[in-house]
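In: predicted model follows, preceded by the sequence.
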Protein chains: 2
Amino acid sequence: MKLKPLNFIIIANLLANTIIAQTDSAMIKKIYNEALTNSKSYSNLEYLSNKIGGRLSGSPQAQKAVEWTFKAMKDAGADTVFLQECMVPHWVRGKKEIGKVIASNLKTKELAICALGGSISTPAEGITAQVIEANGVEEIEKLGKEKIEGKIVFLNQPMDPTFIETFNAYGKAVKQRWGGASEAVKFGAVAVIVRSCTLTQDDNPHTGVMSYKDSLHKIPACAISTNGANWLSSALKNDKNLKFYLKLNCQTLPDEKSYNVIGEIYAEKKSNEYLVVGGHLDSWDTGNGANDDGSGVVQSIEVIRIFKALGIKPKCNIRAIAFMNEENGGRGGKKYAELAKLKNEKHIAAIESDAGSFSPRGFSSDVNPEQKSKLKSWKILFEPYGVYNFNDDGSGSDTAPLNNAGVPCIELRPDSQRYFDYHHTAIDVFENINKRELELGGAAMAALVWMIDMYGL
Amino acid sequence: MKLKPLNFIIIANLLANTIIAQTDSAMIKKIYNEALTNSKSYSNLEYLSNKIGGRLSGSPQAQKAVEWTFKAMKDAGADTVFLQECMVPHWVRGKKEIGKVIASNLKTKELAICALGGSISTPAEGITAQVIEANGVEEIEKLGKEKIEGKIVFLNQPMDPTFIETFNAYGKAVKQRWGGASEAVKFGAVAVIVRSCTLTQDDNPHTGVMSYKDSLHKIPACAISTNGANWLSSALKNDKNLKFYLKLNCQTLPDEKSYNVIGEIYAEKKSNEYLVVGGHLDSWDTGNGANDDGSGVVQSIEVIRIFKALGIKPKCNIRAIAFMNEENGGRGGKKYAELAKLKNEKHIAAIESDAGSFSPRGFSSDVNPEQKSKLKSWKILFEPYGVYNFNDDGSGSDTAPLNNAGVPCIELRPDSQRYFDYHHTAIDVFENINKRELELGGAAMAALVWMIDMYGL
C-alpha cells in the first residue's frame, strides 16, 4: 500500500509519540523504583523534625536547618549548593499562653490556646473581658460597636466539612484568623480568639499567621482548639456574662538575617535555563514542622538524589530550593524571584511541594492554557502511580513571586483529608509521616521535573 | 434550522444524558454532604473497636459484635434486620507466644512473634532447633532435605516496595505465609517462621491465615516482625548454628455457630432483586479490627443510614451485610451465596469494602466488559470526590461465592499505602482511623449503590 503524505506524517507522528511514551514510561518507572527503594527523604525528615525541630524564621533552629540543608543537598549529590541571603521577620511566642474561662459564679476552666503568629502580647497582667461570639469575620460588622466594645470577639466559624478538597474549606475559614483582629478592633474589641482551622475535633490549637492593618490599633489574637471552641460556645449560651482571661507573651523582634538554601544540578551543556523544585524550610514553632513543610524540603532534595543516582544529565539547570519564611512573610520566595530577575535567569517552571506528605493525587498549576494541555497530556504516564489530577489551578506561595513574573508554577497535590489534622499544631511531628507516601511525593516531583526538562512546558 | 432526524436523535440523547448526569450529580452531592456532616460510621467504629475489640470467628467478642451490629443496623433505619446462621472455625491463640534466639555462645534474645491463624501449637516444652533461611516458598525446594531436615525454616521474602498498589506486593509475598508450612514439612522442617507481610519496618508481627495440606504432617507456623526478621537474618550470617526457641499455645476447637448480620431496605415496589453492600464482621484477635474490617461494616451500615436520611426509595432491595468469618474460612460469604441460590434471589451486584478505611480512589470489579464500560462511564460523576479509578479487576472475598454464581462484584479501593502498616497486628486499632476518610468511603459506596439501583449494571 502506498501511503499518502498526510497519512504518512500522521503515522510517523503516532509512532514517534508511542516510542517517546514508552521511553518516558520506562524512565518514570526507574524514578519511582529508585525513590521506593533507596530514598533518603524519610531519614532526612526524621533529622530535620526530631534533631532540629520547629524552625520559625529568625530562630536558632531555622539557622541550624539552613546549615543542615546545605549539607543534605551536598550529600544528595548537588553539583553546587549555595545560600541566598534574605532578611526575615522575627516573631517569638515567649512563655506558654494561658486562656481561662471565668464563669459568672467565678468558677474557672482552662482552655488550650496559642498566640497567632504576628500577634502582639497582652499586657503583663493579661486581659480579662466578656466574650462575644461571631460566626466568621463577616458577622463582626452585623454585631456592631454596641455588642462588641470592650469585649473579646470569639470568631467561631467552623471549616465546612462538605468540601472534598480540604484546602478549599481552609481558604474560606482562614479569613477570620488572618483579618479578624483588625476587623474586630474597628468596633472596639480588646482581643480576638479564633477557632482553629481544622476539620477534626481535638484539643490542639492551630497557630498561623495573622495581620494587622497599619492604620488601626493592634489587639492580641490567639487560636483556640475546636474542642475548646465548642465548649466556649455552649458555655456562652448558658452564661452570657462569662469572662475570658487571656495572657499572651509574644513579641516581634527586629528582622533577622536568614537564607534560602539552593542545590543545583548543572545542565549537561551550559545553559541559562532553570527548572525549580522546592518546599519551605521554616515552620511554626508549635510542632516540628514535619508535614509543613519539612516534607516538601526533603522531597526536593530527593529530586537531586534521584537524578544523580540514575545518572540523568538534564538539559537545563535543576534547582532544589529550601525557601525561608513562607509561614510569616514569604521573604525567601520574594528574594529568589528578585535575584532571578536581576540575573536574567530564564525559568522554565517551578514546582512546589507544600500541601503535605500524603499520597500524591495530582499537580495543580498556574500556567497558560497551552501549558495546562501539555501537562494534562502527560496524565497517562502518571496514572499508574495514582497521580491523575492535572486539572486544578493553584501553585505554592514561595513560587508566587516567580509566577507573578510569568513563570509557569505547579504544586504537588497529595490527598488532603488529613492535612489540617496536623497543620500548625503540636502534632505536626515526624511520627505522623508515612514513609511510602512521602517517597511517592518525591518520585512524582522527580518524574515531572524529568518530563519538563525533556519536553519543555 | 431544520434538524435531520439523526441529528435530532443525537441531540435529544445528549440532552437526556445531560439532564440525567445533572440529577445524578446533585444526588451524589447530597449523599456526600450527608456522610460528611451526619455520619455515624466513626462513632459506630469506635464502639465496635474499643468496646467489643478483636472478634475472631467463634469468640465471645464475635458473638457480641453480631448482637451489636443487629442493633446498629436497626438504628440506621433498616426496614428489617435478620441473622443468617453459619458454622465457623474456632481457632484460639491461647497464651502469648514466645520466640527466642539462642546464639552458639548461649546468649539469648527475645523476638516478637505470633502464631499464624490455623497453626497447631508447639509441644508444651516448645521447639528448639537450628534455623535455615529461605527467600520465599519457592526457595524451599532448592535448599532441599539435606539443609532443611530437623530445622526451623525462616521464610524471609520481603514485600516488594516498588509495587504502587500494595495489595499486589502482598499477593506475591503472602504465599509463604499461606503455604510455607506444608512446603517446608516435605523436606523435614520442624516449624516455620514467616516474615510479616508489610512494607514498614517495625516490631509488630502480622498474623493471618495459613493452611495445611491434608496429606502432610502439620508443623507450627508463626509470624515474626520485619525488624525481628532483619535481626534474625543478620544474626544467621554471623552464627549459622544459632537456634530458635519457639512456643505456641494455639489450638483449633470444634466449629461454632455464628451469623451473618443483614440489614435490608425494602424496594419501593415488592421485588426479588437485591443489591448488596458489605464488609466482614470478624477480625483477627491481635488488634481491634478497626481497619480490617470494622471500617467496611460501619460503611455498609452507613449506606442504610444515608438512604433513610435522604428518604431514597430504591427500586430493588438494598442489603447491608456484615459477613462472618472472612479471615479464616469465608463461611459467611459461602452461606450467603448458598441461601441466595436456594431462595432464587436475583442479585444485581454486590459491593464490598475490605481494603481499608483510607481515602477512596476507585472501585475495582469482577464484571463483564459491558458492565465494566457502564461503571467507567460513571467515573465523571465520582471524580469530584477523588474516586477516579474504575479500571482494575478484583472484588472482595466475601462476595466471591456470589461472583462465582455470576453476580457482578465490586470492591471499594481506598488508597493502599498505609493498609499493610496495620494489617492483622496489634496496631489495627481505632486510633489509626481517620474520620473523614472513613466517611468518604461510606459515601462512595452509597453513591455507587444509588447509581446501580437507578440504572442497573
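Out: Cool, the structure landed.
In: okay, CA-based contacts and neighbour counts for the rest of this
Out: Fine.
In: pLDDT at the residue of the stretch 101-250 of chain A found nearest chain B, what is it?
Out: Relative to chain B, the nearest point of the stretch 101-250 of chain A is residue A:162 (5.3 Å; CA to the nearest CA). If you check residue A:162, the pLDDT there is 98.
In: not counting sequence-adjacent ones, nearest residue to it?
Out: Residue nearest to residue A:162 in three dimensions, not counting chain neighbours: residue B:33, with 5.3 Å by CA to CA, 6 or more residues apart in numbering or on different chains.
In: wait, isn't that neighbour in contact with residue A:160?
Out: No: counting by CA atoms under 8 Å, residue B:33 stays clear of residue A:160, with 10.2 Å between them.
In: domain map for chain A?
Out: Domain ranges of chain A: A:32-91+A:254-455, A:94-249, per automatic domain parsing.
In: winner for burial among the ones you listed?
Out: Counting by mean count of other CA atoms under 10 Å in any protein chain shown, domain A:32-91+A:254-455 has the highest mean neighbour count of the domains of chain A, with a mean of 22.
In: quick one: the helices in the stretch 151-300 of chain A, in order.
Out: Assigned helices in the stretch 151-300 of chain A, in chain order: A:166-173, A:175-185, A:226-238, A:295-309 (criterion: DSSP state H, counting those that start in this stretch).
In: how about the residues of the stretch 151-300 of chain A near chain B?
Out: The stretch 151-300 of chain A has residues A:161-162, A:164 near chain B, with proximity defined as CA under 8 Å from any CA of the partner chain.
In: in JSON lines, list those along with distance to residue B:113.
Out: Shown next, in JSON lines, are these (distance: CA to CA, whole Å):
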{"residue": "A:161", "distance to residue B:113": "42"}
{"residue": "A:162", "distance to residue B:113": "43"}
{"residue": "A:164", "distance to residue B:113": "41"}
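In: just the residues you listed now: which is nearest residue B:311?
Out: The shortest gap between residue B:311 and any of these belongs to residue A:162, at 19.7 Å (CA to CA).
In: quick one: low-confidence residue ranges for chain A.
Out: Applying pLDDT under 70 to chain A picks out residues A:1-20.
In: centre-most residue in it?
Out: A centroid search over chain A (CA atoms, centre = their mean) returns residue A:354, at 3.9 Å, as the residue closest to the centre.
In: give the helix, strand or coil label for that one.
Out: Under DSSP: H, G, I helix; E, B strand; the rest coil, residue A:354 falls in the coil class.
In: residue A:39 contacts residue A:301, correct?
Out: No: counting by CA under 8 Å, residue A:39 stays clear of residue A:301, with 10.2 Å between them.
In: whatever residue of the stretch 351-457 of chain A ends up closest to chain B - nearest residue in space that isn't next to it in sequence?
Out: Residue of the stretch 351-457 of chain A nearest chain B, by CA to the nearest CA: residue A:385 (6.1 Å). The shortest distance from residue A:385 to any non-neighbouring residue, by CA to CA, 6+ apart, is to residue B:164 (6.1 Å).
In: up against chain B, what does the stretch 1-150 of chain A have?
Out: Contact residues, the stretch 1-150 of chain A versus chain B (CA under 8 Å from any CA): A:32-33, A:36-37.
In: any chance of those residues in TSV, plus secondary structure?
Out: Converted to TSV, the residues of the stretch 1-150 of chain A next to chain B look like this (three-state DSSP):
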residue	secondary structure
A:32	helix
A:33	helix
A:36	helix
A:37	helix
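In: and the nearest residue to residue A:34 once chain neighbours are set aside, how far from residue A:361?
Out: Leaving aside its sequence neighbours, residue A:34 sits nearest to residue A:306 (CA to CA, 6+ apart; 6.7 Å). Using CA to CA, to the nearest Å, residue A:306 is found at 20 Å from residue A:361.
In: can you check residue A:111 too?
Out: Residue A:111 is 37 Å from residue A:361, by CA to CA.
In: returning to that earlier point: the residue of the stretch 101-250 of chain A closest to chain B reaches residue B:31, doesn't it?
Out: No: if you go by CA under 8 Å, residue A:162 and residue B:31 don't touch, sitting 10.4 Å apart.
In: how about the closest residue to residue A:181 other than its chain neighbours, what does it touch?
Out: Among residues not flanking residue A:181 along the chain, residue A:192 sits closest, at 5.8 Å (CA to CA, 6+ apart). Counting by CA atoms under 8 Å, 6 or more residues apart in numbering or on different chains, residue A:192 touches A:152-155, A:180-181, A:184, A:219-222.
In: and with 10 Å instead?
Out: By CA atoms under 10 Å, 6 or more residues apart in numbering or on different chains, the residues touching residue A:192 are A:116, A:131-133, A:151-155, A:176-177, A:180-185, A:219-223, A:246.
In: what bridges to the residue lying closest to residue A:388 once chain neighbours are set aside?
Out: In this structure, residue A:388 finds its nearest non-sequential neighbour in residue A:362, 5.4 Å apart by CA to CA, 6+ apart. Note on residue A:362: beta-bridge partners by DSSP bridges are residue A:389, residue A:413.
In: tell me the contacts of residue A:362?
Out: Shown in contact with residue A:362 (CA under 10 Å, 6+ apart): A:379, A:382-383, A:385-392, A:411-415, A:441, A:444.
In: rerun that using 6 Å as the cut-off
Out: Counting by CA atoms under 6 Å, 6 or more residues apart in numbering or on different chains, residue A:362 makes contact with A:387-390, A:413.
In: which among the residues you listed gets closest to residue A:436?
Out: Nearest to residue A:436 among those, counting by CA to CA, is residue A:387 at 14.4 Å.
In: do you know how far that closest one is from residue B:46?
Out: For residue A:387, the distance to residue B:46 - CA to CA - is 32 Å.
In: residue A:269 versus residue A:316, what's the distance?
Out: Distance, residue A:316 to residue A:269, by CA to CA: 8 Å.
In: any idea how far residue A:351 lies from residue A:320?
Out: In terms of CA to CA, residue A:351 sits 10 Å off from residue A:320.
In: could you check the angle the strand with the most length in chain A makes with helix A:295-309?
Out: Longest strand in chain A by number of residues (criterion: DSSP state E): strand A:251-265. For strand A:251-265 against helix A:295-309, the angle between stretch directions is 20 degrees (axes from the mean of the first three to the mean of the last three CA atoms, to 10 degrees).
In: which residues are contacting strand A:251-265?
Out: So strand A:251-265 is in contact with A:58, A:73, A:78-92, A:120, A:317-324, A:332, going by CA under 6 Å, 6+ apart.
In: taking these one by one, which sit in helices?
Out: Among the contacts of strand A:251-265, the members found in helices (DSSP state H) are A:73, A:332.
In: mind listing what residue A:305 touches?
Out: residue A:76.
In: overlap in contacts of residue A:351 and residue A:320?
Out: Here residue A:351 and residue A:320 have residue A:277 as joint contacts, going by CA under 6 Å, 6+ apart.
In: any idea how far residue A:333 lies from chain B?
Out: 31 Å (CA to the nearest CA, to the nearest Å).
In: one more: residue A:83?
Out: In this view, residue A:83 and chain B are 35 Å apart by CA to the nearest CA.
In: also residue A:294?
Out: If you go by CA to the nearest CA, the gap between residue A:294 and chain B works out to 20 Å.
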